Structures are given as structure tokens and as C-alpha cells.
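Colleague: sequence plus predicted model, see below.
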Amino acid sequence: MSPAHPGTPRRARGRPPRDDEQRASHRLRLVNAAMEAIRAKGPDVSIDQIAEAAGVSKPVFYAEFGDKNGLVDAMAVALADEVEHTVVARVARVAAGGEVRPDLVIEAVIEALIHLIDDEPDLYAYIVRSIRMRDRGLLDNALVRVIHARSALIVGHLADDLLPGELKVLTDGIFGFAFGVIESWVAAAQGGGPPADATITKEQLIETTTVMVRGGLTALAAQRARPGSG
């Protein structure tokens, strides 16, 4: 057999490179497999167990996500997309072609967050544990960042004269309050909080949290609208 021509590039062994669509599909499959493994085995599941459930080796997982933190961020983005789709569908259904009121969007976001954390406790626990184990705050994660960007538009609409720094602090505060309320409610429901007769239903939690957030933003907008305020 004659040797290859010196100017002919050698063909790399192994699988041919994936295109963007194939890479995105592969990544999504791994993320979904990871979430299913956490649902099945709980938030203490190891990367080895996740990789096994996905049908790949541990190095393949690390090659895709870098480390466990990269996987957590990828899952958080997937959950944030889910929350966003839920909010859009809820607002579209209620608005029915009419004006989309900011207070309606606030309620939809809070409702979607509460349902997500209540319906996916193991996924939420896995994400939060990872965040608390590294030098990042509770709000510094992909789940909050994606929803935060949308919610900042709502907050800015209700109080449109806020400075950028004020808008960021206020939006962070709203999310801190919402997550604190939800975690307290979840702990109570699991027996780690007040007696059972002191707990409230999910519907009551959604209504109470929405009223608090909406009332605070409305009061801020009214205060800023008064002559001489600033």
C-alpha cells in the first residue's frame, strides 16, 4: 500500500466532530439524565451514579460540564427555562389578549417558583447544596440569574425612576424574600418548622407572597411619585 501523500491531512480517529445542534442535543440529554438520576436517588447522588444513569463515563460528564458546578448551572438553566415557559403560558392564558399587567406577571413568577421547589424538592436541594458549598451567594446561580433578568423589567416598570443600583438591590431583595418564604414553608411542611396547624396551603403561600411583593413595589412607586421625593 502506498503511503499517503505528504500534503494530505490525516483523518482523526474516533467519532467525527459534532455540529452545534448535535452538541446541544447531547448536552441536553446529559442534563435530563442527571435530573432523572437525582429524582430517583435523591440529592446525595454522586457524579459516578449520574454518569452511569446517563450511560456515559465520568470523564465524558466532566468533559461536557467541567465539574459538578458546571452541571448544577446547566440544570439550573433548564429549570429556569421551565419556569419562564410556565410564566409565559400562565400570563397568556389569564390576559387572553388584553394588557399584560405587571402584578399578574409577579404572581405568575412567584407561583411558578413555589410550584417548582415544591414539585422538585430533590433537584432544588441538589442545586442549593452545591451553591452553599462554594463561595457564591444564594442568588448567584443560573436559576435566579435567568428569572432575575425578566423580573427586573417588571420591577423597573412599577418604579421606573429607580437608578440601576437601586433596581438591582431591590430585585435581589425580592428574590431573597421569596426564596426565604418558600424554604420556610417547605421546612414547616416537612416537620422542621412550626406545628402542622400553623402551616398554610400552597395557594395561601402564593397569595400572601404575591401581595407582599406587589404591595411593596406599588408603595415604592407611589412614594417616588410624591412631590419632593427622591
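Modeller: Received the coordinates, thanks.
Colleague: for the host helix or strand of residue 123, name the packing helices and strands.
Modeller: Using DSSP states H and E, residue 123 sits in helix 121-132. Helix 121-132 sits against helix 20-41, helix 68-95, with contacts defined as 3 or more C-beta pairs under 8 Å, 6 or more residues apart in numbering; DSSP states H and E. Heads up, the C-betas are built off the backbone N, CA and C, glycines and all.
Colleague: return the most buried member of those.
Modeller: Across the helices and strands packed on helix 121-132, averaging neighbours per residue (mean count of other C-beta atoms under 10 Å) puts helix 68-95 on top, at a mean of 17.
Colleague: what's downstream of that helix, the next helix or strand?
Modeller: Next along from helix 68-95, by DSSP H and E: helix 102-119.
Colleague: and that following helix, average pLDDT?
Modeller: On average, the pLDDT along helix 102-119 is 82.
Colleague: check stretch 122-135 too.
Modeller: 76.
Colleague: for the remainder of this discussion, apply numbering that starts at 51.
Modeller: Will do, 51 is the new start, and the previous item becomes stretch 172-185.
Colleague: from residue 219, how far out is residue 91?
Modeller: Distance, residue 91 to residue 219, by C-beta to C-beta, to the nearest Å: 39 Å.
Colleague: same deal with residue 125?
Modeller: Going from residue 125 to residue 219 by C-beta to C-beta gives 27 Å.
Colleague: right, and the helix or strand after the lowest-mean-pLDDT helix or strand in the chain?
Modeller: Of all the helices and strands that make up the chain, helix 192-208 has the lowest average by mean pLDDT, DSSP states H and E, namely a mean of 64. Later in the chain than helix 192-208, the nearest helix or strand by DSSP H and E is helix 214-239.
Colleague: any idea of the angle that following helix forms with helix 171-182?
Modeller: For helix 214-239 against helix 171-182, the angle by axes from the mean of the first three to the mean of the last three C-alpha atoms, to 10 degrees is 130 degrees.
Colleague: what's helix 214-239 packed up against?
Modeller: Packed against helix 214-239 by the contact rule (3+ C-beta pairs under 8 Å, 6+ apart) you find helix 152-169, helix 192-208, helix 252-275.
Colleague: chain neighbours aside, what residue packs nearest to residue 256?
Modeller: Leaving aside its sequence neighbours, residue 256 sits nearest to residue 161 (C-beta to C-beta, 6 or more residues apart in numbering; 4.9 Å).
Colleague: verify the stated contact: the one you found with residue 140.
Modeller: Yes - using C-beta atoms under 8 Å, residue 161 makes contact with residue 140 at a distance of 7.0 Å.
Colleague: now do the domain split for this structure, please.
Modeller: Listed domain ranges for the chain are 72-116, 117-275 (source: automatic domain parsing).
Colleague: least confident of the ones you listed, on average?
Modeller: When the domains of the chain are ranked by mean pLDDT, domain 117-275 comes last with a mean of 75.
Colleague: residue 101 contacts residue 114, doesn't it?
Modeller: No - Residue 101 is beyond contact range of residue 114, at 10.3 Å (criterion: C-beta under 8 Å).
Colleague: neighbour count winner among those two?
Modeller: The neighbour comparison of residue 101 against residue 114 (other C-beta atoms under 10 Å) goes to residue 101, with 20 against 17.
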